[in-house]
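Enquirer: Here is my input; please provide its structure:
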Amino acid sequence: MDLKEIKAIIDLMKKNSLSEFELEQNDFKIKLKRGVAMPVEGDDGYYSARLPGGGGQSIPASLPAPVAAPVPINETEIKSPMIGTLYRAPSPDAASYVEVGAEVGPDTVVCIIEAMKVMNEIKAETRGVITAIVAENAKPVEFGQPLFKIRPL
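Expert: Down below sits the predicted model:
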């Protein structure tokens, strides 16, 4: 992946109001987050990213170094199994499927994701308590994007 492709991903993140993006291919892994204060190297506010197979070349990038968001040991994440639009309730005037503090089981529906005009129910797939709602209602989500944080029981 070169700098041009990374910039294209950043533009797509801005266009679709995504706050987080993660990609893993072979020996390359990139995780980008928007709106998070992160440390940078160098006096100019830029860092150098070393790409695999690049012969030790460094490329300048205009983003601060990505930092993985810490997930407490006793928490896991419910991640999006697909690309689509997340809805926290079955209809606009209905109550949300789950809220912070809700106890869920493996078959509990936590949200729906609309993909190509099909509504897909997303289940917790584990028993626990919802500790955080990470994704925004009626916003696009990506494959593997965290939707909820859950403390297993």
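Enquirer: The host helix or strand of I130 - contacts with which helices or strands?
Expert: In this structure, I130 sits in strand 128-133 according to DSSP states H and E. Packed against strand 128-133 by the contact rule (3 or more Cβ pairs under 8 Å, 6 or more residues apart in numbering; DSSP states H and E) you find strand 103-104, strand 146-152. (C-beta placed from N, C-alpha, C; glycine too.)
Enquirer: Which among these is found nearest to A89?
Expert: If you check each of the helices and strands packed on strand 128-133 against A89 by Cβ to Cβ, strand 146-152 wins as the nearest, at 13.9 Å.
Enquirer: List the buried residues in that closest one.
Expert: The neighbour-count check on strand 146-152 (16 or more other Cβ atoms under 10 Å) flags P146, L147, F148, K149, I150 as buried.
Enquirer: I'd like those laid out as JSON lines, including pLDDT.
Expert: Converted to JSON lines, the buried residues of strand 146-152 look like this (pLDDT from 0 to 100):
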{"residue": "P146", "pLDDT": "95"}
{"residue": "L147", "pLDDT": "96"}
{"residue": "F148", "pLDDT": "96"}
{"residue": "K149", "pLDDT": "95"}
{"residue": "I150", "pLDDT": "95"}
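Enquirer: can I get the residues you listed in JSON lines with distance to K33?
Expert: As requested, the buried residues of strand 146-152 are exported to JSON lines (distance: Cβ to Cβ, whole Å):
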{"residue": "P146", "distance to K33": "11"}
{"residue": "L147", "distance to K33": "16"}
{"residue": "F148", "distance to K33": "17"}
{"residue": "K149", "distance to K33": "15"}
{"residue": "I150", "distance to K33": "20"}
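Enquirer: What are the boundaries of the helices in this protein?
Expert: 3-15 (DSSP state H).
Enquirer: got any ranges where it has weak pLDDT?
Expert: For the chain, the stretches flagged by pLDDT under 70 are 1, 35-73.
Enquirer: who's in contact with D107?
Expert: By Cβ atoms under 8 Å, 6 or more residues apart in numbering, the residues touching D107 are K123, A124.
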